[in-house]
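*Asks:* Coordinates for the following, if possible.
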Amino acid sequence: MRKIVYAFYDPQFSFGDLVKRGDHLRSSLTDCLIGNVDDQDFKELFDSMSDLAHLPEPVEHGLAKASG
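*Replies:* This is a model prediction of the structure:
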């Protein structure tokens, strides 16, 4: 969710441009926003978002788990 917030505030980012890359990204974005995150991998979504906006590095503390 942190990456989505950073993308939202990036003036160069557009959710429209993101979902134009494929319906599967629209589904992943919706799942993330509504909290349907159990056992889901959002790597492709975040990789696509990072092509369009500057996103933060994963945090190494708290409940967030950095993927390898």
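
*Asks:* what's the closest non-adjacent residue to F15?
*Replies:* For F15, ignoring the flanking residues on the chain, the nearest one in space by Cβ to Cβ, 6 or more residues apart in numbering is L29 at 7.3 Å. For every residue, glycine as well, the C-beta is placed using N, CA and C.

*Asks:* Please look at that neighbour and G22 and confirm they touch.
*Replies:* No: L29 lies out of contact with G22 (Cβ atoms under 8 Å); the separation is 10.8 Å.

*Asks:* For these two, work out which one has more neighbours and name it.
*Replies:* Counting neighbours by other Cβ atoms under 10 Å for L29 and for G22 shows that L29 has the greater number, 18 against 12.

*Asks:* could you pull out the helices for the protein?
*Replies:* Ranges of helices in the chain, per DSSP state H, are 2-9, 15-19, 23-34, 43-52.

*Asks:* what residues does the shortest one touch?
*Replies:* Which is helix 15-19. With contact meaning Cβ atoms under 8 Å, 6 or more residues apart in numbering, helix 15-19 is reached by A7, F8, L25, R26, L29, S48, M49, L52.

*Asks:* Could you report the neighbour count for R2?
*Replies:* Using other Cβ under 10 Å, R2 has 11 other residues around it.

*Asks:* With the one 3 residues further on instead?
*Replies:* Around V5 sit 11 other residues, with neighbours defined as other Cβ under 10 Å.

*Asks:* Excluding chain neighbours, give the residue nearest to the residue most central in space within the chain in space.
*Replies:* Nearest to the geometric centre of the chain sits F46, at 3.8 Å (Cα atoms, centre = their mean). Sequence neighbours aside, K3 is the residue nearest to F46 in space, at 5.4 Å (criterion: Cβ to Cβ, 6+ apart).

*Asks:* Do I have it right that that neighbour meets L52?
*Replies:* No: with contact defined as Cβ under 8 Å, K3 does not count as touching L52 (11.4 Å).

*Asks:* For I4, see how far away the residue nearest to the centre of the chain is.
*Replies:* Distance of F46 to I4, given as Cβ to Cβ, to the nearest Å: 9 Å.

*Asks:* What about M49, how many residues nearby?
*Replies:* By the criterion of other Cβ under 10 Å, M49 has 24 neighbours.
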